[in-house]
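# okay, sequence plus prediction incoming.
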2 protein chains.
Amino acid sequence: MRPKTRITIRDVAQEAGVSYQTVSRVINDRPDVAPETRARVQSAITELGYAPNIIARSLIQGRSNTLGVVGFGLELFGPTRVLAGIERAATELGFSLLLSILDRLDPNRMDAIINDLLSRQVDGVVWAVPGHVSAFEWLVDRLGGVAVPTVYLNKRPDPGQQVVAMDSRLGARLAVEHLLEQGYRRIGIIKGPRGWWEAQEREAGWRATMQAAGIDNLGEIEAEGDWSAASGDAGFQSLVARTPDLDAVFACNDQMALGALQAARHLGLDVPRDLAVVGFDDIPEASYFNPALTTVRQNPKELGALAVERMNQMIQARQQDRTVEPGVSWVQPRLVIRASSVRELAEESG
Amino acid sequence: MRPKTRITIRDVAQEAGVSYQTVSRVINDRPDVAPETRARVQSAITELGYAPNIIARSLIQGRSNTLGVVGFGLELFGPTRVLAGIERAATELGFSLLLSILDRLDPNRMDAIINDLLSRQVDGVVWAVPGHVSAFEWLVDRLGGVAVPTVYLNKRPDPGQQVVAMDSRLGARLAVEHLLEQGYRRIGIIKGPRGWWEAQEREAGWRATMQAAGIDNLGEIEAEGDWSAASGDAGFQSLVARTPDLDAVFACNDQMALGALQAARHLGLDVPRDLAVVGFDDIPEASYFNPALTTVRQNPKELGALAVERMNQMIQARQQDRTVEPGVSWVQPRLVIRASSVRELAEESG
DNA sequence: CTGTTAGCGCATTCAA
DNA sequence: TTGAATGCGCTAACAG
């Protein structure tokens, strides 16, 4: 076991018989070191098990090579995968990640998180918290004020901000158009929680597509859920109660679709014969639902990766006193068609 | 928008008309500051929007208030929830989290992660990577060598190590005993990937309980999966092909159980009449499977929280030159009984 | 090529 | 109660 005192650059210098600045040069791969000296230093480093203190380096350089990530829960599919994408991209670009998780939209907690991240000298902040737009105004002020590069994920685009977002509206349109093509007309919706921008977008996509198809009285075929299967179950029941001629449901995520499938079964409805169900996300289990679920596939990992690349550009630019034009990057979802919305497919696999 | 140069303690001092050490005292809530002075400094702080540089503080104190967390993927239920528990507990105890994700057990990547965490002066490392024991030997050496407090999650207990683990063996026993009580005898298993310690433990629990019940020829009712629904599907099919009198399946996680349910349906088997299925994890969707899944409920968040508390004890102890006795903390799972393993329940809800 | 001198932002001795 | 020095571990100018 090694001594408790930390091994510093000076210990290495002494061991190698050089000045400690030479050691610094070796560590930082500077060219101006004699090969023989370099080798001697290297072996001293491994000998002593020296590891450079990045904290000290950051202090000088005013740069920590660290990104702050603020996420929302780790319960849901999308946000979790987004985080995975962020992590991978950050690692590739040489950033470490300081992770904070928000469980609810508590301004005090948000403020504390931002403070901590700034105090820890993060080079940028990836704000991966879905939520109601108004909740962000003070935040933008706060982050904008200190001028820390910030990228927002799945947030309503605002001028002056860097946003990376899934095109949920398009996803919803794909889902509804598919159902229409399959001959379904009274396509109800089980919405996500009101506060989520993505939920609003999915609803908007559904509404626009339905209206374009000339279907009205949409109010009576709407239900609101909270992303959980239980809420999908309840939402479906309330839809059916209100709308006897309901023939399809667009659930705004796969868990709620699962709940709807379950409720339909209990009501003796056959999917997709009597009723079609489409979800959103394409969680890995979706193809094993009964019947297999047609759903809109997101690529949340890509979303996260894109956010980090954007971040990196901003940081690079900033070092050269340039700026990156604010704007929105949209990621396109696509529809994955399975048995829950196609009568022919159901015959085979059922 | 503020000037680009960072605001330091000196700027605040100047603004408040005191020396910068006084500002330091205010920041650190020292008692020996005149109330009037304190107020003046406080207002200067808010005025300038000053935030202390934790990096600099860490450098002096030799302590970063940061925990390194090494996780494995963010795809699986357990590991993700464990991370959530870690995050919450860490926040409560005033630690920030430096997150690294391992996608596969690559020694180079592991080494790079450890190096980075150590270089960033983390106060401790929470190693939340499931995997084969042998992969850890060099690691223990590495972490033990630098004497950074380390807690391992869901790893085979080894003397001299701090381990926090779910009692998977018990969980498996609960599952199998329940099936036996319900009158099932030929209880097959769909195992997790060979490399995972938890998978081994669940298998061991199954095996021991089966043997205790006097059931043999266990070799022919074993299949190996990879935690995915697809592998559960395939595993189940292979079991049925080999064992015509199979009457129950213990799947080592809920996704594989889902695959098994699906396969059973395709084979025209009624669950639970012809065949019972039990899973492991109790993912939120489990109660919405068809039929609702009996499963072993873990509390992975608690596991993560426990690990951090342990970590905190070690760090505290270390500051006082004490040591914490190495050992294992076991977290107990419990069985959640639903329709997939109880014929009477199936009648009602089916 | 290598060593010397400064200083990053702050806490921690001291002294006043 | 406050201010002046000292140094955490390291990099960034210089000089030699």
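Ah, there it is. This structure is a prediction, so every number in the text was calculated from the model and none was measured.
# can you show me the helices along chain A?
Taking DSSP state H as the criterion, chain A carries its helices at A:9-16, A:20-27, A:35-48, A:54-61, A:77-92, A:107-119, A:137-146, A:168-181, A:197-212, A:229-242, A:254-266, A:300-319, A:343-349.
# highest mean neighbour count out of those helices?
Among the helices of chain A, judged by mean count of other Cβ atoms under 10 Å in any protein chain shown, the one packed with the most neighbours on average is helix A:254-266 (a mean of 26). Quick note: C-beta positions are derived from backbone N, CA and C, even for glycine.
# other SSEs contacting that helix?
In terms of contacts (3 or more Cβ pairs under 8 Å, 6 or more residues apart in numbering or on different chains; DSSP states H and E), helix A:254-266 is packed against strand A:187-191, helix A:229-242, strand A:248-251, strand A:276-281.
# let me have those in TSV, adding mean pLDDT and distance to DNA strand D as columns.
Formatted as TSV, the entries for these read as follows, by pLDDT from 0 to 100; distance: least, Cβ to the nearest atom of the strand, whole Å:
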stretch	mean pLDDT	distance to DNA strand D
strand A:187-191	98	52
helix A:229-242	97	52
strand A:248-251	98	53
strand A:276-281	98	44
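# so which of the ones you listed gets nearest DNA strand C?
strand A:276-281 (43.5 Å; Cβ to the nearest atom of the strand).
# the helices and strands packed on helix A:254-266: which one's closest to B:Ser340?
Comparing the helices and strands packed on helix A:254-266 by their distance to B:Ser340 (Cβ to Cβ), the top pick is helix A:229-242, with 15.7 Å.
# okay, the angle between that closest one and strand A:276-281?
Helix A:229-242 runs at 150 degrees relative to strand A:276-281, counting by axes from the mean of the first three to the mean of the last three Cα atoms, to 10 degrees.
# quick one: helix A:229-242 near chain B?
Yes: figure legend: helix A:229-242 in contact with chain B (Cβ under 8 Å from any Cβ of the partner chain); contacting residues A:Ala229, A:Ala230, A:Asp233.
# distance of the residue nearest the centre of chain A relative to DNA strand C?
In chain A, the centroid-proximal residue (Cα atoms, centre = their mean) is A:Val82; its distance is 2.9 Å. From A:Val82 across to DNA strand C, the span is 32 Å (Cβ to the nearest atom of the strand, to the nearest Å).
# wait, what's in contact with that residue?
Applying Cβ atoms under 8 Å, 6 or more residues apart in numbering or on different chains, one finds that A:Val82 lies in contact with A:Gly71, A:Ala128, A:Leu153, A:Asn154, A:Pro300, A:Lys301, A:Leu303, A:Gly304, A:Ala307.
# do you know the pLDDT at it?
Confidence at A:Val82, expressed as pLDDT, is 96.
# cool, and the one 10 residues further on?
A:Glu92 is assigned a pLDDT of 96 by the prediction.
# roughly how far apart are it and B:Ala112?
Between A:Glu92 and B:Ala112 the computed distance is 12 Å (Cβ to Cβ, to the nearest Å).
# kindly report the same for A:Ser100.
The gap separating A:Ser100 from B:Ala112 is 23 Å, by Cβ to Cβ.
# fine by me, thanks again.
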